[in-house]
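Asks: 3D, please:
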Amino acid sequence: MSKTIFITGAGSGLGRGASLGLARKGHRVIATTELTSQKTDLLREAREQDLDIDVFKLDITNERDRAQMEKYDFDVFVANAAINEGGPLAEVPMDRFRALFEVNVFATLETVQIAARKLVKKGSGKIVFISSMAGISATPYVGPYTATKHAIEGIAQTMKKELKGFGVKVATINPGAFDTGFNDRSGEEIWKWFDDERNFTRKEDILKQQEGLKNQFDPKDMIEKMIEIIPADTHKFRTVYPEETEKQLKKTQKERWDMEI
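Replies: Residues are numbered from 1 along each chain as shown. Got it, this is the predicted structure:
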């Protein structure tokens, strides 16, 4: 059955791919982008593929942009917009740490609250938080992002119980490491402030951790999984993908109970 799906952060990466893919499947898609230039580019691609997608610029940290959400009616709200930046937690500049929370947690929840009011009024619908494997695992030098996604997991699990009585479902999708450029850009940001002379974290340890970025998954598979899960009426509360990441995270969670300092 065709659904109306509202998705934030559709200007690039998985959000963009999912928006186009959902529209191809016949769903009505309202796709929002952080920047006006991304809107232009997404509209161009939608036209080329002969897809009917509503696109508007929604910087989720901007109150006037968020107010535009009120005009739209939808069945599914996908909180996908996020930023990523790495750095050792003992040394990361606090303005950078706060910036991630501002987008990934505070502004995300503000958009979700608007969506929740609409769906509660309707008595049905679904909110999907695009979380991350980082919402469950903890990787060195990915701490700022990990902290925001752990917060999202707590928010999603709590809201699931709070909104159930109103007929509104809540779920998370937790991608593994996909090669969209999102993780690579995050790793690069560290070098804007990190200084061998001043910081005690060893540069070689950060570089060694970043070696893992060479083995990221093909985003096409994740986009397909999102296209399957987002409009579905029934599925697991948490969708971790790919399967090897799910196995890895279950192992991580089990290990935490036996972890010693």
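Asks: ranges for the helices of the stretch 151-261 of the chain?
Replies: In the stretch 151-261 of the chain, the helices defined using DSSP state H, counting those that start in this stretch lie at 182-189, 203-210, 219-229, 243-258.
Asks: do the same with the stretch 1-150 of the chain
Replies: 13-24, 36-48, 63-67, 94-101, 108-122, 143-164.
Asks: out of the ones you listed, which is the most enclosed?
Replies: Across the helices of the stretch 1-150 of the chain, the average number of neighbours (mean count of other C-beta atoms under 10 Å) peaks for helix 13-24, which reaches a mean of 23. For the C-beta atoms, the positions are set from N, CA and C on the backbone; glycine is no exception.
Asks: and that helix, what does it pack against?
Replies: strand 4-7, strand 28-33, helix 36-48, strand 53-57, helix 219-229 (3 or more C-beta pairs under 8 Å, 6 or more residues apart in numbering; DSSP states H and E).
Asks: and of the helices of the stretch 151-261 of the chain, who's closest to Gly17?
Replies: Smallest distance to Gly17 across the helices of the stretch 151-261 of the chain (C-beta to C-beta): 3.8 Å, for helix 219-229.
Asks: the closest one to helix 182-189, inter-axis angle?
Replies: 120 degrees (axes from the mean of the first three to the mean of the last three C-alpha atoms, to 10 degrees).
Asks: can you tell me what sits against helix 219-229?
Replies: Here helix 219-229 makes contact (C-beta atoms under 8 Å, 6 or more residues apart in numbering) with 13-14, 17-18, 21-22, 25, 128, 171, 173, 175-176, 178-180, 235, 239, 241-242.
Asks: enumerate the positions of that helix that are buried.
Replies: Of the residues in helix 219-229, Pro219, Met222, Ile223, Lys225, Met226, Ile227, Ile229 count as buried by neighbour count, 16 or more other C-beta atoms under 10 Å.
Asks: the inter-axis angle of that helix versus helix 13-24?
Replies: Using the same axes, to 10 degrees: helix 219-229 against helix 13-24 is 50 degrees.
Asks: got any ranges where the stretch 1-150 of the chain has weak pLDDT?
Replies: Of all residues in the stretch 1-150 of the chain, none has pLDDT under 70.
Asks: swap in the stretch 151-261 of the chain?
Replies: Looking at the stretch 151-261 of the chain by pLDDT under 70, you get an empty list.
Asks: quick check: longest strand in the protein by residues?
Replies: strand 168-175 (DSSP state E).
Asks: returning to that earlier point: got a markdown table for the helices of the stretch 151-261 of the chain, with distance to Met1 too?
Replies: Listed next are the helices of the stretch 151-261 of the chain as a markdown table, based on distance: least, C-beta to C-beta, whole Å:
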| stretch | distance to Met1 |
| --- | --- |
| helix 182-189 | 31 |
| helix 203-210 | 44 |
| helix 219-229 | 14 |
| helix 243-258 | 27 |
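Asks: wait, which of those is closest to Lys57?
Replies: That would be helix 182-189 among the helices of the stretch 151-261 of the chain, by C-beta to C-beta, at 19.6 Å.
Asks: re the thing from before, looking at the helices of the stretch 1-150 of the chain, which is closest to Ile206?
Replies: Ile206 lies closest to helix 143-164 among those, at 11.6 Å (C-beta to C-beta).
Asks: any idea how far that closest one is from the chain center?
Replies: 12 Å (C-alpha atoms, centre = their mean, to the nearest Å).
Asks: now for it, which elements pack on it?
Replies: Counting by 3+ C-beta pairs under 8 Å, 6+ apart, helix 143-164 packs on helix 94-101, helix 108-122, strand 125-130, strand 168-175.
Asks: what does that helix contact?
Replies: Taking C-beta under 8 Å, 6+ apart as the rule, helix 143-164 contacts 82, 84-89, 92, 96-97, 100-101, 104-105, 108-109, 112, 116, 119-120, 127, 129, 131-132, 134-139, 169-172, 186, 237.
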